[in-house]
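K.L.:
sequence and computational prediction follow.
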Amino acid sequence: MSPGGGDPPGWLRELQRDFTAVLRAPLDSGTGRFEERQALYPARLVAQLRSGTGGPAPAERLALYHRQYWMRLFTALQTSFPRVSRAMSCWHFNHLAALHLAERPPRHADLDEAARGFAERLHRALERLEDAGPRRPPERPPHGDAWCRRIELSRAPLAMVRQARCMDEAERHAYESPFEGLWRPTPEELARLALGEPRLRFAESCTLAQEDWDLARFSRLAAADQDEGAPAPIRRHPSTRTWVFARSATGTTTTSVDPLFARLLDRCRELPFGQALAAVEQGCTAAEAAQLRASLQGWIALALASGWWTGLAGAEPRAQESPNDDPGRA
């Protein structure tokens, strides 16, 4: 509205509409790099941008703003999905980002909000590719789907992209979740656990994610360090690893856990502690059973000190400790 309270003048509405349309127009990648197409800018918009003496032409100034805006959007999504962007390469990831942003233009001052919905869209595209069976040559896109086409062009293994997405989402979820304090079980609670009655209550932020490729190092929290020099190639591990993402008093933690402990944590979400422990032990070899017994107390201490368990399911939550020295490291 104008200062007088009436409708804004028509020229201002046209200026805002044209300027918004320019900014929302995706950059063109036909030359092998993301560039603006100045020839498509509305002539009336360019005419209203006066050039100072010796400065760039109006269209060039508008193009610079247009390009920088999209680079900021690409950077925001790469920061939210650092593992996916590394797995696919930033070139192919930026194409998916452009598809996402065209479908859901940013409507929030915080650019991090531009990433909302990207994970779900990527998940559905991966499901369509997996349902289609073995991967096809890039020149044969499945169902003409731009998302699937771009994932295939990246040549990244679908399982790697899926794990990268899960880890990025787990880290984002932990980042956005509250820290619920540390649970110190009472003697009565320990006695109930020994009887195998209740299930453990996990922290809202706590998520387990599997890793067959060395993706964990591409954390959004270490983005500044990753920019210093080219990262080493992504390599496949000899065996699957498991990471626990969670919120701590000072930030987000990412902790690698032993495969046996990972199995126990997973079963504890479904079964009372005693039953979960018995189920894991039943599937162990003799050597693994010995390791389980030897390591169990240390694993329990780690879960409690890290805030992964916050009490017993069905019990009334009580005030938790918030230590000055947080056991996790952001």
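P.N.:
Structure received.
K.L.:
list the contacts of Ser205.
P.N.:
173-174, 177-180, 245-247 (CB atoms under 8 Å, 6 or more residues apart in numbering). For every residue, glycine as well, the C-beta is placed using N, CA and C.
K.L.:
which among those gets closest to Ala87?
P.N.:
Using CB to CB, Phe245 is the member of the contacts of Ser205 that lies nearest Ala87, at 17.4 Å.
K.L.:
longest strand of this structure?
P.N.:
Longest strand in the chain, counting residues (DSSP state E): strand 236-247.
K.L.:
dump the contacts of Ser205 into JSON lines; add neighbour count and distance to Glu113 as well.
P.N.:
Below are the contacts of Ser205 laid out as JSON lines (neighbours: other CB atoms under 10 Å; distance: CB to CB, whole Å):
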{"residue": "His173", "neighbour count": "17", "distance to Glu113": "15"}
{"residue": "Ala174", "neighbour count": "24", "distance to Glu113": "18"}
{"residue": "Ser177", "neighbour count": "17", "distance to Glu113": "17"}
{"residue": "Pro178", "neighbour count": "9", "distance to Glu113": "19"}
{"residue": "Phe179", "neighbour count": "21", "distance to Glu113": "22"}
{"residue": "Glu180", "neighbour count": "20", "distance to Glu113": "25"}
{"residue": "Phe245", "neighbour count": "26", "distance to Glu113": "21"}
{"residue": "Ala246", "neighbour count": "27", "distance to Glu113": "23"}
{"residue": "Arg247", "neighbour count": "24", "distance to Glu113": "20"}
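K.L.:
and the lengthiest helix in the chain, how far from the chain's centre?
P.N.:
Longest helix of the chain, by residue count under DSSP state H: helix 58-80. Here helix 58-80 is found 22 Å from its chain centre; the criterion is CA atoms, centre = their mean, to the nearest Å.
K.L.:
beyond that helix, next helix or strand please.
P.N.:
As assigned by DSSP states H and E, the chain's next helix or strand after helix 58-80 is helix 82-88.
K.L.:
what packs against that following helix?
P.N.:
helix 90-103, helix 158-176 (3 or more CB pairs under 8 Å, 6 or more residues apart in numbering; DSSP states H and E).
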